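1. got a structure for you, letters missing:
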Ligand code: UTP
């Protein structure tokens, strides 16, 4: 039976991070540090701050460092025991106490939709959240982006995607949406196009890496044929829900950095250093 409480956050992390080579040749993109924490830790912190307690990584075979980051490292811990360095692990240790972590292998990188589809055994017939950790989201003035979306879910009880205005010459990098603004910054979506040209784009509102999905998405992903670049796109599956008025686009409060690109990563690093770093 379907429940309404969202407890699981899915982290699709099986991509190759090829825009960030050579850094990502042996190190997962999600393990690149922004100041002193890997990107994935920011994502898990955001999920925990939204009240979620299960984290499921959809991972590839060369990226075990992500799972190891949320496990004990007994040798390291004993070598720093009793020193001030122990404090440096407090944040991640707290996440490990709050959350249960699991991972599922995506055997081939067949696209984001396919990766999300792989999470069904961990999620079952429940609504769930998705965070793409290379989109680093921060809100210095209130709740995190996922927490804002979980609150919105209470009201709408349907899929929700975080959206942001992007310059027209950037639309071809995103899923781009169109819909009716039913409240300020909240749209009931009726169209979405994956990586459109400027001419095809229905607007300049782009989907960024935060989703809440209702569980019928699994069936829809299963029915979705590979789209742009031969990959199964989540946008195509979501479009089926949008046709029935069951997808909300939410212009979130806060900032988003595309840390899959060098420019976004450097901007995130500068921002987080200024905002959060204490010597
Ligand atoms: P991206 O396209 O941004 O990530 O996918 P990528 O493939 O790692 O990066 P580039 O383009 O090669 O530089 C968005 C998210 O979806 C995950 C990625 O890990 C990333 O978090 N993903 C993508 C999967 O888990 N599996 C896939 O088959 C594709």
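-> Structure received. In this text, all values refer to a predicted model and were calculated from it rather than measured experimentally.
2. let me know whether my guess that residue 178 is in a strand holds.
-> Yes: residue state for residue 178 (DSSP: H, G, I helix; E, B strand; the rest coil) corresponds to a strand.
3. could I get the contacting residues of it?
-> By CB atoms under 8 Å, 6 or more residues apart in numbering, the contact list for residue 178 reads 189-192, 202-203, 205. C-beta here means a position set from N, CA and C on the backbone, and glycine is covered the same way.
4. what's the answer for residue 182, then?
-> For residue 182, the contacting residues are residue 188, by CB under 8 Å, 6+ apart.
5. what's the helix or strand for it?
-> In this assignment (DSSP states H and E), residue 182 forms part of strand 175-183.
6. list the neighbouring strands of the helix or strand following that strand plus their orientation.
-> Next in sequence after strand 175-183, counting helices and strands by DSSP H and E, comes strand 186-194. Strand pairing for strand 186-194, determined by DSSP bridges: strand 175-183 (antiparallel), strand 247-251 (antiparallel).
7. turn those strands into TSV, including mean pLDDT and distance to the ligand.
-> Formatted as TSV, the strands paired with strand 186-194 follow (pLDDT from 0 to 100; distance: least, CB to the nearest ligand atom, whole Å):
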stretch	mean pLDDT	distance to the ligand
strand 175-183	97	11
strand 247-251	98	18
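8. mean neighbour count, these: which tops it?
-> strand 247-251 (a mean of 23; mean count of other CB atoms under 10 Å).
9. give me the contacts around that strand.
-> Contact with strand 247-251 is made by 148-149, 152, 156, 158-165, 177, 179, 185-189, 192, 205, 207, 238, 241, as judged by CB under 8 Å, 6+ apart.
10. now, of those, which are buried?
-> Among the contacts of strand 247-251, those classed as buried by 16 or more other CB atoms under 10 Å are 148-149, 152, 156, 158-164, 177, 179, 186-189, 192, 205, 207, 238, 241.
11. what does the stretch 151-279 of the chain have sitting close to the ligand?
-> residue 260 (CB under 6 Å from any ligand atom).
12. tell me where the model's unsure across the stretch 151-279 of the chain.
-> In the predicted model of the stretch 151-279 of the chain, residues 228 satisfy pLDDT under 70.
13. residues near the residue lying closest to residue 57 once chain neighbours are set aside, how many?
-> If the residues on either side of it in the chain are set aside, residue 57 comes closest to residue 103, at 4.1 Å by CB to CB, 6 or more residues apart in numbering. Counted with other CB atoms under 10 Å, the neighbours of residue 103 add up to 19.
14. tell me which element residue 103 is part of?
-> In this structure, residue 103 is located in strand 100-105 according to DSSP H and E.
15. what's in contact with whichever strand or helix holds residue 272?
-> Using DSSP H and E, residue 272 sits in helix 262-276. Residues outside helix 262-276 that contact it (CB under 8 Å, 6+ apart) are 19-20, 32, 34-35, 136, 138, 140, 255, 257-259.
16. redo that, cut-off 6 Å
-> Outside helix 262-276, the residues that touch it by CB atoms under 6 Å, 6 or more residues apart in numbering are 34-35, 136, 257-259.
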